[in-house]
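A.B. asks: heads up, no residue letters with this:
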């Protein structure tokens with residue numbers, strides 16, 4: 001049985017988790033929610049750690065420490081992507 005997940009489905013699943021939790025999902029589910037270019041449906045670009053660090057004018061270690069705050073997605077155990085929208089939300093929260 002193949003279940004198709006949308007990016008919104010994945011966001012709802014992650015939002016329901018308590019802070020500090022992790023989620024495991026089949027690779028196919030993530031691939032189905034993202035297009036092949038590393039961009040999420042709806043134009044929500046997924047950035048590498050290095051791209052996110054450059055955008056926030058910080059270093060990669062800071063990005064890894066604040067991954068949950070930025071809404072980061074683990075593509076694999078060692079591959080992390082940060083949604084551009086997550087960075088925008090983080091910056092807006094910090095400005096308040």
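C.D. replies: Alright, I've got the coordinates. All figures in this text were calculated on a predicted structure; none of them were measured in a lab.
A.B. asks: contacts and neighbour counts: CA atoms only from here.
C.D. replies: Fine.
A.B. asks: Where is the longest helix in the chain?
C.D. replies: helix 84-95 (DSSP state H).
A.B. asks: From the chain's centroid, how far away is that one?
C.D. replies: How far helix 84-95 lies from its chain's middle: 13 Å, per CA atoms, centre = their mean, to the nearest Å.
A.B. asks: How about it, which residues are buried there?
C.D. replies: Applying a neighbour-count criterion of 16 or more other CA atoms under 10 Å, one finds 84, 86-87 buried in helix 84-95.
A.B. asks: Quick check: of the residues you listed, which lies closest to residue 74?
C.D. replies: residue 86 (13.8 Å; CA to CA).
A.B. asks: Tell me the spacing between that closest one and residue 68.
C.D. replies: 10 Å (CA to CA, to the nearest Å).
A.B. asks: What is the least confident helix or strand in the protein?
C.D. replies: Here the helix or strand of the chain ranked lowest by mean pLDDT, DSSP states H and E is strand 39-40, holding a mean of 48.
A.B. asks: Show me what the helix or strand just after that strand is packed against.
C.D. replies: On the C-terminal side of strand 39-40, the closest following helix or strand by DSSP states H and E is strand 44-47. Packing partners of strand 44-47 (3 or more CA pairs under 8 Å, 6 or more residues apart in numbering; DSSP states H and E): strand 39-40, strand 80-83, helix 84-95.
A.B. asks: quick revisit: are there helices or strands packed against the longest helix of the chain, and which ones?
C.D. replies: Right, helix 84-95 is packed against strand 44-47, helix 67-70 by 3+ CA pairs under 8 Å, 6+ apart.
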